[in-house]
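Chemist: Predicted coordinates and the sequence they were generated for:
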Number of protein chains: 2
Amino acid sequence: MEDKIERLSILRLTEENVSEIDDTIVREFPLTIILNDQELVTMLCSPASQKELAVGFLYSEGLIETREEIKNVTLHEGTGVIRVETEGGDELDRETLFNRLITSGCGRGASFYSATDITGKKVESLLQVSVSEILALMRDFQHKSETFRATGGVHSAALCDTSKILVFNEDIGRHNALDKVFGECLLKGIPTDDCLVITSGRISSEILLKVARRNIPILISKSAPTNLGVKMANELGVTLVGFVRGKRANVYTNTWRITRDGK
Amino acid sequence: MEDKIERLSILRLTEENVSEIDDTIVREFPLTIILNDQELVTMLCSPASQKELAVGFLYSEGLIETREEIKNVTLHEGTGVIRVETEGGDELDRETLFNRLITSGCGRGASFYSATDITGKKVESLLQVSVSEILALMRDFQHKSETFRATGGVHSAALCDTSKILVFNEDIGRHNALDKVFGECLLKGIPTDDCLVITSGRISSEILLKVARRNIPILISKSAPTNLGVKMANELGVTLVGFVRGKRANVYTNTWRITRDGK
């Protein structure tokens, strides 16, 4: 965890006094992805699992589809540059890239649009999960994020089955945390069909789409969904569970996948 | 507030039972900005204060500098398109735009880099704020966000002086919320010098830079900063106050601007 945090001396204010204390903050690191000799994007991320992040990002953006396409991934430690070489790695058209990747703030406008244009494929899975399994998975998930407990500054994401967490990662960005999980799945050949995803972050349309594209039928979040997230979950056959906190949860869509305990 | 939220029927799960309840979720809306007849970006945002958002975004990205440059801002209700016309509105070079706007997830890589290249100007201000003023401002700020209290799904941002909130806005994205505040300042001619900014969101390098560019000396957040946010605050002369919760707060940089009460 040491690589993801930094210690420093700060002032702690209270109404009564001011004191100097030692504190821990999360690190932020610019990572530049070069795909087949073309500079693609500079992401601000947590400095760990960078190969997983780069591969997961390319996978989420539709720039790679299978593990076999990846010829080489080289991280140049220290410089913040990662090079990915793929099969058929022709120069990408700059205009296509622009339209594909341009975005704003926390919103990925273009990928959102192109996705609705091609109309996301509906998730097909008969997986079900019980209320107590959802609550237990979220408890495990919360315990796993050491960096969050140390700094309060990162998002987490995980791939699970109904009883346990299979792949876990974290990052200062909620998109990055999820891309790292999917990147690890792709690199290690871990299947995602009939799995669940848990995230600490809000469920916007983009997060929903990213999960639906991996054919994942159940998405669980500690936080709130947006109305577009709910609409897409409904249309794409994803069971969306939000606000999983303590002993309660909200189910927004495709409620047939939720079973009562003991049934 | 009605335009920013949507009501729907959901399943509420607890360990004991499952019930159907009415719930409120936050709306997410794609807004396309067209600058001088050129499509610039599609942002996912909360459907309110869209002129402020568009102008604030262009201002933050350095595509407009003054209010006088703006000839016209037209929102096409329903279609999600906003057109901004500026003085000297030549076609922007597509490559420049690409390099300027490309980003990933919650990270705006390119604007971050270009900013460090040109080396942000140091904030010059002798403004000071007391501990009790910081805590009181955060209390007011928290009370102001109706949508958050209804949905748990938005970020807020505000421009303040040491005693009160001057401009307040909210959005599903933390960058957007801040851009809306600065957009309103630009459109209404509200000066930002010697003001404070409050945000509900984390302080990454990008947020810090956006605030420093407006020559704002004090930035207050409910959440955590990253190490790059702290480094830039230090270098750019910004007093960074984080984790303002209840009766305590952390000061990370330029602590001379914090006064004890009664002094």
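Modeler: Thanks, I have the structure now.

Chemist: which residues touch the nearest residue to A:Ile216 once chain neighbours are set aside?
Modeler: Of all residues beyond its chain neighbours, the one nearest A:Ile216 is A:Val197 (5.2 Å), with distances taken as Cβ to Cβ, 6 or more residues apart in numbering or on different chains. (Glycine included, C-beta is placed from N, CA and C.) By Cβ atoms under 8 Å, 6 or more residues apart in numbering or on different chains, the contact set of A:Val197 is A:157-160, A:178, A:181, A:211, A:214, A:216, A:218-220.

Chemist: so can I have JSON lines of those showing distance to B:Val131, neighbour count and pLDDT?
Modeler: Converted to JSON lines, those look like this (distance: Cβ to Cβ, whole Å; neighbours: other Cβ atoms under 10 Å in any protein chain shown; pLDDT from 0 to 100):
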{"residue": "A:Ala157", "distance to B:Val131": "37", "neighbour count": "29", "pLDDT": "97"}
{"residue": "A:Ala158", "distance to B:Val131": "39", "neighbour count": "27", "pLDDT": "98"}
{"residue": "A:Leu159", "distance to B:Val131": "44", "neighbour count": "23", "pLDDT": "98"}
{"residue": "A:Cys160", "distance to B:Val131": "44", "neighbour count": "22", "pLDDT": "98"}
{"residue": "A:Leu178", "distance to B:Val131": "39", "neighbour count": "28", "pLDDT": "97"}
{"residue": "A:Val181", "distance to B:Val131": "41", "neighbour count": "30", "pLDDT": "98"}
{"residue": "A:Val211", "distance to B:Val131": "44", "neighbour count": "29", "pLDDT": "95"}
{"residue": "A:Arg214", "distance to B:Val131": "48", "neighbour count": "20", "pLDDT": "94"}
{"residue": "A:Ile216", "distance to B:Val131": "47", "neighbour count": "22", "pLDDT": "97"}
{"residue": "A:Ile218", "distance to B:Val131": "46", "neighbour count": "27", "pLDDT": "98"}
{"residue": "A:Leu219", "distance to B:Val131": "42", "neighbour count": "26", "pLDDT": "98"}
{"residue": "A:Ile220", "distance to B:Val131": "40", "neighbour count": "25", "pLDDT": "98"}
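
Chemist: For those residues, give me TSV that also has secondary structure.
Modeler: Shown next, in TSV, are the contacts of A:Val197 (DSSP: H, G, I helix; E, B strand; the rest coil):
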residue	secondary structure
A:Ala157	strand
A:Ala158	strand
A:Leu159	strand
A:Cys160	strand
A:Leu178	helix
A:Val181	helix
A:Val211	helix
A:Arg214	coil
A:Ile216	coil
A:Ile218	strand
A:Leu219	strand
A:Ile220	strand
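
Chemist: Out of these, which comes closest to B:Gln38?
Modeler: A:Leu178 (31.9 Å; Cβ to Cβ).

Chemist: so who does the closest residue to that closest one other than its chain neighbours touch?
Modeler: Distance criterion Cβ to Cβ, 6+ apart; nearest residue to A:Leu178, sequence neighbours excluded, is A:Ala157 at 4.3 Å. A:Ala157 makes contacts with A:168-170, A:174, A:177-178, A:180-181, A:197-201, as judged by Cβ under 8 Å, 6+ apart.

Chemist: With A:Phe148 instead?
Modeler: Applying Cβ under 8 Å, 6+ apart to A:Phe148 gives the contacts A:154, A:156, A:170, A:200.

Chemist: repeat that for 10 Å
Modeler: A:26, A:142, A:154-156, A:170, A:200, B:224 (Cβ atoms under 10 Å, 6 or more residues apart in numbering or on different chains).
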